[in-house]
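In: I'd like to go over a predicted model; first the sequence, then the structure.
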Amino acid sequence: MTNTKAKKSPVTLIGLGPMGQAMAGALLEAGYELTVWNRTKAKAEALAERGAAVADSPAEALRAGGPVLLSLTEHAVMYRVLEGAESDLKGRTILNLGSDTPAASRAAAAWAEGHGARYVTGGVMSPAPGIGSSSVFSFYSGDRAAFEENKALLEVLTATDFRGEDPGLAQVYYQILLDLFWTTMTGYLHALAVARAEGVPVGTITPYLIEGNDMAMFFEGTSAAVAEGRFPGDEDRISMDAASMEHVVQTSRDAGVDTALPEAVLSLFRRGLDAGFAESSFARLVTLMDAEG
Ligand SMILES: NC(=O)c1ccc[n+]([C@@H]2O[C@H](COP(=O)([O-])OP(=O)(O)OC[C@H]3O[C@@H](n4cnc5c(N)ncnc54)[C@H](OP(=O)(O)O)[C@@H]3O)[C@@H](O)[C@H]2O)c1
């Protein structure tokens, strides 16, 4: 596709997995002067045809100028990729959109700042097809001035939500949402496995899985209970919850489906009973998980 839009400022993007590819496409579409580098160079070919410059090394990509977007699997990859190019980090702004722990993000920011760069952490709350849309967003934290200066660039990718100057904070929010995402999605897969084992077509069960439980209502009610520390057992009691969970485990077992996931949940419920919470609401189980215990 020919890009007829006016050229904007230069930007470097390192990492062309599904996310980097989508980001590169959005940046080219917006008219940025894009330089890319990827370990597997073939992934840059289609982008080169669309106008991206393809660097032969990470150091060459850094020297192209402008902010440096990183879209790598995890921060250990960043150190590996930028090893030997540290002197080219001086005076640059790194916008790291890859996933890692808050501690790893803080260490990465200190490392980058130690080489004279400004550092912003990002946590993208969208799969690749959402990149380029303002209806999805990313968490950011770290160097506030660097974020503000590059906000227009970042908004080409997704809407932005700056959480604060602690470079770990974007990953605190991101990992909390990913905690919910992966545990929920794994539960979703387990439900599909039970449906399939029982001969219920995926297409039949899916609308019930989406609409059958008002999860927003349950999330809000549970948040209110945890925030207030009130677990009166007036709507549900852990004694009932544990019995219900026994039925889920047994239904899975009877269907020949792996029970590891529901058994992990049941074991938490049983710990709740052992702790004397039988008459309390489900939300009290948080006290068995959280750091305050
Ligand atoms: N995919 C999603 O839906 C999604 C959504 C939100 C956030 N994220 C996060 O965004 C980041 C990028 O996602 P992705 O799906 O594009 O990740 P990915 O498939 O893991 O690819 C990321 C990049 O890391 C590079 N890489 C991995 N190991 C390397 C190494 N040892 N040396 C050099 N380069 C290496 C890959 O290079 P090669 O091409 O050479 O393998 C690729 O360019 C991740 O942190 C991910 O958690 C992903």
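Out: All right, it came through fine. Residues are numbered from 1 along each chain as shown.

In: give me the neighbour count for I14.
Out: 27 (other Cβ atoms under 10 Å). Using the backbone N, CA and C atoms, a C-beta is placed for each residue, glycine as well.

In: can you check R144 too?
Out: If you count neighbours by other Cβ under 10 Å, R144 ends up with 14.

In: now it. Nearest residue, chain neighbours left out?
Out: Of all residues beyond its chain neighbours, the one nearest R144 is E165 (5.6 Å), with distances taken as Cβ to Cβ, 6 or more residues apart in numbering.

In: phi, psi for the residue in the stretch 101-250 of the chain positioned nearest to the ligand please.
Out: Proximity to the ligand, evaluated over the stretch 101-250 of the chain using Cβ to the nearest ligand atom, is greatest for P127 at 3.6 Å. As for P127, its main-chain torsions (degrees, to the nearest 10) stand at phi -70, psi 170.

In: just the pLDDT at it, thanks.
Out: Per-residue pLDDT puts P127 at 96.

In: next: G65.
Out: At G65, pLDDT is 87.

In: gap between the residue lying closest to it once chain neighbours are set aside and G142?
Out: Excluding its sequence neighbours, the residue lying closest to G65 (Cβ to Cβ, 6+ apart) is P10, at 4.5 Å. Using Cβ to Cβ, to the nearest Å, P10 is found at 21 Å from G142.

In: with V249 instead?
Out: Counting by Cβ to Cβ, the gap from V249 to G142 is 44 Å.

In: so who does the residue of the stretch 1-150 of the chain found nearest the ligand touch?
Out: Going by Cβ to the nearest ligand atom, the ligand is nearest to G17 of the stretch 1-150 of the chain, at 2.3 Å. Residues near G17 by Cβ atoms under 8 Å, 6 or more residues apart in numbering: S71, L72, T73.

In: and if you look at D236?
Out: By Cβ under 8 Å, 6+ apart, D236 lies in contact with S281, F282.

In: can you check L70 too?
Out: Going by Cβ under 8 Å, 6+ apart, L70 touches I14, G15, M78, I94, L95, N96, L97, G98.
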